[in-house]
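Colleague: build me a structure from this.
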Amino acid sequence: MIIVTGSATARPDTIAEMTRIALEHVHRSRTEEGCLLHGVHVDAENPLRLTFMERWADADALRKHFAVPESSSFIKRLRELAAEFGAVEVYDSTRLKI
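Modeller: As a prediction, this is how the structure comes out:
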């Protein structure tokens, strides 16, 4: 399983638009093959910060997701609206049964 995390901090005048496009992106991404989880969350300590959490079945599914034109358009628009764009981190994970 592949886990992806990322964040972006809005300016006060862009948070509504950032939230709108983030939800649109999340809902579209959930329909893609191999998407196990795709969510966006508002930071409880900084309501201008959106954090993304994704889980993908494998690296191929994630590559296909990044190749979708809407994904590129979303990232470009998010960067335009953001006061700060945090790093996107990708992890290859193995689920442990405890």
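
Colleague: and Ile98, how many neighbours?
Modeller: By other CB atoms under 10 Å, 3 other residues sit near Ile98. C-betas here are computed from N, CA, C, even on glycine.

Colleague: quick one, grab the pLDDT at it.
Modeller: With respect to pLDDT, Ile98 scores 86.

Colleague: against Val40, how distant is it?
Modeller: Going from Ile98 to Val40 by CB to CB, to the nearest Å gives 28 Å.

Colleague: so which residues of the chain form helices?
Modeller: Listed in chain order, the helices of the chain (DSSP state H) span 15-29, 59-67, 69-81.

Colleague: the longest one vs helix 59-67, what angle?
Modeller: In this case it means helix 15-29. In terms of direction (axes from the mean of the first three to the mean of the last three CA atoms, to 10 degrees), helix 15-29 departs from helix 59-67 by 130 degrees.
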